[in-house]
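In: Any chance you could fold what I've pasted below:
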Amino acid sequence: MRFCLVLSASLLVSACSAQQGNQAANNEILSPKIGQQKVFVPLDQSGKDLKVKTFRSGKELLNEVEKLGGSRGEYETDSAFFGRLSRLGDYSVAAVVTPSSIKFDAATGKLSVKVSMHDAKGFGFVSKLDSLEDYRKIFPSVYIGEDEYHSGQYSGQNSYGATAVVTKRTIDRYYLVFSPVAQPVMSTLFIDVSSDLDVSASEIQSQRDNVRLMLTVKSVPNYLQVVKSYQEATVRSPYESVINNYFFSSKIFWVKVVNIETGKVYSDEAKISMSAL
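Out: From the prediction side, this is the model:
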């Protein structure tokens, strides 16, 4: 049974098919049972030292997409869109590591990092599965940052007469999205990227904002999905927001932990694990 679980987990790093409906049928990942020991997802050793373009942020990755013709056009066919976006090929991109993701063991003095993958559907990602299959699957994703742009202000008033200066803004958020995973019945599935770090506490204290996961991936169909949402201003949150969520479909080769400014590698092999509670 353990062999079957590990084999199934390895499908997380297999390529997506051109249609996500077929993807679910061919690349389904069996989740661990409730209370079972963590299942580690094997990564592709060939990706460890792969020489590829490196993007320090989601914005840089999106700029590369713009060079290839930008996001999908309203009347653009699958073949035309996939044809040009397939040229993204293999690349590395830095993902956010929040301060709370870095753990310090006071007994040993060792540092580690743990970043959770969340279901991309919770951020607006739309699968091409039928409603029942969509309910049964999650699409693991890694958050690779966001950018905020302000475009002006105006004075607003609510129905009670309260006024506020409202700021108009656009937020671009970026995610890597991977092959779907079966959601265990009556349980919660946790997928994490974690590693011990080869770094001193004093260096982490001064460099914490520069710590990143560096993911080496292959861009795969459906390549890029853009989902737009809106937020109206309130007195407590005086922002009128347009939110663009960019979902890059990917296959993982390798993950390491680096300092984005100095280039220092704090871990040359992070691990991906799954557990169910």
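In: residues in contact with the spatially most central residue of the chain?
Out: Taking Cα atoms, centre = their mean, the centroid of the chain lies closest to residue 142, which sits 1.9 Å from it. The contact partners of residue 142, taken as Cβ atoms under 8 Å, 6 or more residues apart in numbering, are 95, 115, 117, 175, 176, 193, 213, 215. Backbone N, C-alpha and C define where each C-beta goes, glycine included.
In: Starting from the helix or strand harbouring the first one, tell me which strands it pairs with and how they run.
Out: In this case it means residue 95. Element membership for residue 95 (DSSP states H and E) is strand 90-96. Here strand 90-96 has these sheet partners by DSSP bridges: strand 53-55 (parallel), strand 211-231 (antiparallel).
In: Pick the most buried one from these.
Out: Highest mean neighbour count of these: strand 211-231, a mean of 20 (counted as mean count of other Cβ atoms under 10 Å).
In: Past that one, which element shows up next along the chain?
Out: Assigned by DSSP H and E, the successor of strand 211-231 is strand 239-259.
In: what helices or strands is the very next helix or strand once past that following strand leaning on?
Out: Using DSSP H and E, the helix or strand that follows strand 239-259 in sequence is strand 265-267. Under the contact criterion of 3 or more Cβ pairs under 8 Å, 6 or more residues apart in numbering; DSSP states H and E, strand 265-267 touches strand 189-197, strand 239-259.
In: what's the closest of the strands paired with strand 90-96 to residue 109?
Out: strand 211-231 (17.4 Å; Cβ to Cβ).
In: quick check, distance from that closest one to the centre of its chain.
Out: Distance of strand 211-231 from its chain centroid, counting by Cα atoms, centre = their mean, to the nearest Å, is 6 Å.
In: Could you do stretch 116-134 as well?
Out: Centre-to-centre, stretch 116-134 and its host chain are 13 Å apart (Cα atoms, centre = their mean).
In: got the contact list for it?
Out: In contact with stretch 116-134 (Cβ under 8 Å, 6+ apart) are residues 19-21, 24, 137-143, 173, 175, 177-178, 180, 190-193, 222, 225, 227, 229, 245, 247, 272.
In: So what would you say the end-to-end distance of it is?
Out: 21 Å (Cα to Cα, to the nearest Å).
In: which parts of that stretch are buried?
Out: 117, 118, 119, 120, 121, 123, 124, 125, 127, 129, 133, 134 (16 or more other Cβ atoms under 10 Å).
In: Relative to residue 79, which of the residues you listed is nearest.
Out: Distances from residue 79 to these, taken by Cβ to Cβ, are shortest for residue 127, at 20.9 Å.
In: To residue 148, which of the helices and strands packed on strand 265-267 lies closest?
Out: Among these, strand 239-259 comes nearest to residue 148, with 8.9 Å by Cβ to Cβ.
In: Tell me where the model's unsure across the stretch 1-150 of the chain.
Out: Within the stretch 1-150 of the chain, the stretches with pLDDT under 70 are 1-37.
In: Mind jotting down where the helices sit in it?
Out: For the stretch 1-150 of the chain, the helices defined by DSSP state H, counting those that start in this stretch occupy 2-9, 20-26, 58-67, 78-85, 131-136.
In: picking that back up, could the buried residues of stretch 116-134 go into CSV alongside distance to residue 81?
Out: Formatted as CSV, the buried residues of stretch 116-134 follow (distance: Cβ to Cβ, whole Å):
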residue, distance to residue 81
117, 26
118, 26
119, 24
120, 19
121, 21
123, 21
124, 19
125, 17
127, 17
129, 20
133, 24
134, 22
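In: First-to-last residue distance for stretch 203-213?
Out: Using Cα to Cα, first and last residues of stretch 203-213 are 17 Å apart.
In: And the average pLDDT for that stretch is what?
Out: Stretch 203-213 carries an average pLDDT of 96.
In: how about it: buried residues?
Out: Applying 16+ other Cβ under 10 Å to stretch 203-213 flags 203, 204, 207, 211, 212, 213 as buried.
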